[in-house]
Structure formats: C-alpha cells, structure tokens
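> Predicted model follows, preceded by the sequence.
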Amino acid sequence: LFSSQPKHPFTVFVEGNIGSGKTTFLKHFEKFNDICLLTEPVERWRNLNGVNLFDLMYKNPERFAMPFQNYVTLTMLKLHIQETSKPIKLMERSMFSARYCFVEKMLSNGTLHEGMYHVLQEWYNFIHDHHHVQCDLIVYLRTSPEVAYERIKKRARDEESCVPFEYIKDLHELHENWLIHGQFFRPAQKLMIVLDANLDLENINSEYRRSELSVLKPIMIENTN
Ligand SMILES: Cc1cc2cn([C@H]3C[C@H](O)[C@@H](CO)O3)c(=O)nc2[nH]1
C-alpha cells in the first residue's frame with residue numbers, strides 16, 4: 001500500500017527546432033556529475049534490428065512516418081521512466097515535442113493518415129493517464145528558421161539531406177505555438193526559460209550560464225544551506 005513513491009529528479013527538457021543547437025547545449029552540461037544527461041536516441045532510430053526508420057521516415061514518409069513516430073514515442077517513454085539517483089535529469093526533447101510538434105506537422109502535411117494520428121493520440125493519452133511524466137523545466141533553444149536551416153546544411157546528416165526549408169519553418173511555428181503561445185499547454189513562466197539560440201558559439205556562453213541558474217537550481221540550493 002505504502003509503496004515508496006520513486007523520488008522524481010528535477011527533470012529538464014531541452015526543446016528546439018532541428019538545428020537549434022541542442023546537442024551543443026547539452027555538451028555544456030556534461031561536466032556536471034549531478035546531472036543524468038539523456039540525449040535523443042537517434043542511434044536507436046537509425047538501427048532497429050538493422051532497419052534505419054529515421055532514414056525511411058524522410059525518404060518514404062507516407063509509409064514510415066507512423067512506425068517512426070511510434071518508435072520515437074516508445075524510446076522517449078523509456079527515457080522518461082528511466083530512474084536515476086542523480087538529483088537532476090536533463091533530456092534532449094520529450095514526448096511533448098513528439099506530440100505537439102513533429103506528429104502535428106506530419107498530420108498537417110499528410111504523411112500521417114488521420115487514423116495513424118489518432119492511434120498515436122490514444123497512446124499519448126493513455127501514457128498521460130497512467131504514468132507520471134515529470135517535467136519541472138523546459139529550456140527552449142529559440143532560433144529563426146533561417147539560422148536552424150543553415151546549421152542543418154552545415155551539419156549535413158545524411159538522412160536530413162532532403163529536408164526543405166519549408167519543413168524547418170513549419171516546425172519553428174509549431175514550437176512557437178506550443179511553447180510561446182501556449183497552444184497545447186500553458187507552461188507557467190516559472191516552468192520555462194527561452195534562450196536566444198541564434199547566437200553563435202562565441203557569443204552563446206552568457207545564455208548558457210543564464211540557463212545554468214535554472215537547470216542547476218536544485219543542487220545550488222542544497223549547497224548553499
Ligand atoms: C520527440 C521527437 C524527436 C524527433 C526528431 N525527429 C527528427 C528531427 C531530426 O531530423 C532528427 C533528430 O532530431 O529526428 C522527428 O522527426 N520526430 C521527433 N520526435
């Protein structure tokens with residue numbers, strides 16, 4: 001009856017468009033050993049028993065957007081429920097960006113049939129009703145679509161080679177609707193910090209340090225008392 005509730009760590013999601021600099025941002029936090037750092041499981045999406053669902057999703061979206069987003073949801077849920085003894089869990093993206101950005105985009109551009117979309121929504125609702133997904137802070141790496149697109153071109157991931165600028169622009173709008181305009185849920189301001197991720201590496205350190213104040217808050221309080 002009195003099962004000891006697993007202590008949820010202070011959980012932070014780093015959200016942002018493709019090319020917004022999430023991986024670089026997360027690298028900045030590798031030096032803190034009080035943080036359980038969980039990057040996006042792209043390598044799992046690239047190799048599911050030898051199948052690259054990530055590549056197939058971009059190459060043949062009508063057929064593979066659904067299995068890809070289905071698998072993304074499973075892999076993200078596993079990270080959400082992954083326990084840690086560390087006081088802070090820092091995740092790259094979340095089930096929320098899957099639901100409110102990528103899946104919405106794929107429905108609107110017709111690569112997800114409405115039947116597929118509703119199956120995914122049923123999963124999201126079931127997970128929401130049956131499993132507590134801890135979210136204490138969202139760090140939104142806010143970019144312009146142009147800057148994000150330039151970075152994608154420079155990074156040149158094979159699977160993203162055919163992604164058009166329009167796609168990045170639409171994903172930007174979806175992130176803005178979700179996080180800035182509160183279309184799906186209104187993250188109370190205390191719950192989110194917005195960084196100017198257009199800044200290049202030479203100038204972004206002040207933004208990183210500003211985010212440290214919020215990300216590391218739980219351990220800073222402990223150390224001060
Ligand atoms: C949660 C979530 C992450 C995520 C990433 N992606 C794509 C965007 C990028 O091209 C790549 C890595 O973020 O995967 C997607 O299509 N759907 C997603 N859903």
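Everything's here; your move.

> The ligand contacts on this protein?
Taking CB under 6 Å from any ligand atom as the contact definition, the chain meets the ligand at I18, E40, V42, V72, M76, R93, S97, A98, F102, E160. All C-beta atoms are positioned from the backbone trio N, CA, C, and that covers glycine.

> Which residues does stretch 110-117 contact?
Taking CB atoms under 8 Å, 6 or more residues apart in numbering as the criterion, the residues outside stretch 110-117 that touch it are P61, E62, A65, M66, Q69, V103, M106, L107, L120.

> Can you say which of these are buried?
For these, a burial check counting by 16 or more other CB atoms under 10 Å picks out P61, A65, M66, Q69, V103, M106, L107, L120.

> pretty sure the second one is in contact with M106, am I right?
Put plainly, it is A65. Yes - the pair formed by A65 and M106 meets the contact definition of CB atoms under 8 Å, at 4.7 Å.

> Just list the residues touching V147, thanks.
In this structure, V147 makes contact with G19, A197, N198, judged by CB under 8 Å, 6+ apart.

> at 7 Å what do you get?
Counting by CB atoms under 7 Å, 6 or more residues apart in numbering, V147 makes contact with N198.

> mind listing the strands for the protein?
Along the chain, the stretches classed as strands by DSSP state E are 10-16, 35-38, 88-92, 137-142, 192-196.

> what does the shortest one contact?
Put plainly, it is strand 35-38. Residues external to strand 35-38 that are found in contact with it (CB under 7 Å, 6+ apart): 9, 26, 29-30, 79, 82, 84, 86, 88-92.

> quick one: average confidence on stretch 127-146?
Averaging the model's pLDDT scores along stretch 127-146 yields 93.

> which stretches of the protein form helices?
Secondary structure of the chain by DSSP state H: the helices cover 22-28, 42-46, 53-59, 61-81, 95-97, 103-108, 114-130, 145-155, 165-175, 205-215, 217-224.

> Quick one: closest of these to F184.
helix 95-97 (7.9 Å; CB to CB).
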